[in-house]
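> the sequence isn't on hand, but the structure is:
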């Protein structure tokens, strides 16, 4: 709630992203993992380094990932010399203060076992986690979501490497039950693997993602009609239309409907991920986009590249970007009653801080109210807290009375103070910069 960390996708060059964010100022604490996909794009497709210090379109850590989806090789296997270069770039980012490594395995599923082993060796050497979007979410017996999680458990166990499975809900899909059982068994025997989830039945990503290829959708229990392309607001009508959009705008943001929450079994599957023991709540926030017309497109670009508040009409993002934690308290606690208020607070604060405590020692002072802890505090009304947006509209959450970061007000009497920028960097490694 008081720290926003880009860990799944990461960034590169990390040092420049920290410097740029500190120079601009941030309302919340901030940090980045090393972007493995960014390193692959650099090595395999000669993508130039992002320049967040000078290029406002590179302001977000995942900007390279969004811009360069159409690269010809980054999703596929690298040869041994290329793997060495990729791992060298990743190592450099860890040494520059990255919090672990963001591994978008599901977006570059052609990588080899030797490359994953190399990443695990780095994780073990530096005690910095791999934050992994697993290789497959498919509901199939071989090479699907279950095997993708077993792959991570295996490499964590072989190298004693800390690994974090990102958003168990969306990457496990219909195999959540099997994934939960396998994760429990691994943790019981001491494997250093953790996880998190977000409280929505739909996800969001770039429409050019490998797993959204029309040929793979059926294995993922989806069809083209499961996808809403946000730039036009259209529900994709056919495989042909999906191919067309992917060719023209591979970095375009879309919504994917993964669970039918009107179906009791589907809802229970999602709840199984959301109540997994000691799983954190994580927002998996994504950049805003527009609803298609030229005026709103320009407004979206300005909102990404600069500071705009209040956000203009016509901007869209998955509601997890602005309402994740409010949804936890309004839906999971108040309405569905699958979590107590105390447990929900723990999953939003102490658990994520503890997951990161070894990798980023500054997190040991966060997620708790005690003498010596950082003064990062959210005060909300549990009876009225609620998300303000939906899948077609972006609005702030309601019910947050006060928000303090480093002891300074960011929200006061339910009013956001856009000029307040007390956020501090959170670095990986022992030494704080």
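Cool, got the structure. Here the structure is a predicted model, which is why all the values come from computation and not from measurement.

> how about the strands in the stretch 1-150 of the chain?
With strands called from DSSP state E, counting those that start in this stretch, the stretch 1-150 of the chain shows them at 3-11, 29-35, 101-103, 130-132.

> so which elements touch the longest one?
In this structure, strand 3-11 makes packing contacts with strand 29-35, helix 36-45, strand 101-103, strand 130-132, judged by 3 or more C-beta pairs under 8 Å, 6 or more residues apart in numbering; DSSP states H and E. C-betas here are computed from N, CA, C, even on glycine.

> any idea of the angle the first one forms with strand 3-11?
I take that to be strand 29-35. For the pair strand 29-35 and strand 3-11, the angle between their directions (axes from the mean of the first three to the mean of the last three C-alpha atoms, to 10 degrees) equals 20 degrees.

> report the angle between strand 29-35 and helix 36-45.
Computed by the same axes, to 10 degrees, the angle between strand 29-35 and helix 36-45 is 40 degrees.

> could you give the mean pLDDT of strand 29-35?
Looking at strand 29-35 alone, the average pLDDT works out to 98.

> for that strand, enumerate the helices and strands it packs against.
Here strand 29-35 is seen to pack against strand 3-11, helix 14-24, helix 80-95, strand 101-103 when contacts are counted using 3+ C-beta pairs under 8 Å, 6+ apart.

> adding distance to residue 358, mean pLDDT and mean neighbour count, write these out as CSV.
Conversion of these to CSV gives the following (distance: least, C-beta to C-beta, whole Å; pLDDT from 0 to 100; neighbours: other C-beta atoms under 10 Å):
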stretch, distance to residue 358, mean pLDDT, mean neighbour count
strand 3-11, 14, 97, 25
helix 14-24, 19, 97, 19
helix 80-95, 14, 98, 18
strand 101-103, 14, 98, 32
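
> who's the residue nearest to residue 103 when sequence neighbours are not counted bridged to?
With C-beta to C-beta, 6 or more residues apart in numbering as the measure, residue 132 is the residue that lies nearest to residue 103, at 4.4 Å, once sequence neighbours are left out. When assigned by DSSP bridges, residue 132 has beta-bridge partners residue 103, residue 165.

> and of the strands of the stretch 1-150 of the chain, who's closest to residue 429?
Each of those has some distance to residue 429 by C-beta to C-beta; the shortest is strand 29-35, at 11.3 Å.

> that closest one versus helix 80-95: what angle between them?
Computed by the same axes, to 10 degrees, the angle between strand 29-35 and helix 80-95 is 160 degrees.

> direction-wise, compare strand 29-35 with helix 14-24 and give the angle.
Computed by the same axes, to 10 degrees, the angle between strand 29-35 and helix 14-24 is 160 degrees.

> what's strand 29-35 in contact with?
Contacts of strand 29-35 with the rest of the structure, by C-beta atoms under 8 Å, 6 or more residues apart in numbering, involve 2-12, 14, 17-18, 21, 61-62, 64-65, 89-90, 93-94, 98-102, 131, 360, 366, 376, 405-406, 423-428.

> returning to what we had before: the helices and strands packed on strand 29-35: which one's closest to residue 371?
Comparing the helices and strands packed on strand 29-35 by their distance to residue 371 (C-beta to C-beta), the top pick is strand 3-11, with 20.1 Å.

> list the neighbouring strands of the closest one plus their orientation.
strand 29-35 (parallel).

> starting at the chain centroid, how far to the partner strand?
Using C-alpha atoms, centre = their mean, to the nearest Å, we find the averaged C-alpha position of strand 29-35 to lie 11 Å away from the chain's own average C-alpha position.

> ditto for stretch 216-232
Chain-centre distance of stretch 216-232: 20 Å, with C-alpha atoms, centre = their mean.
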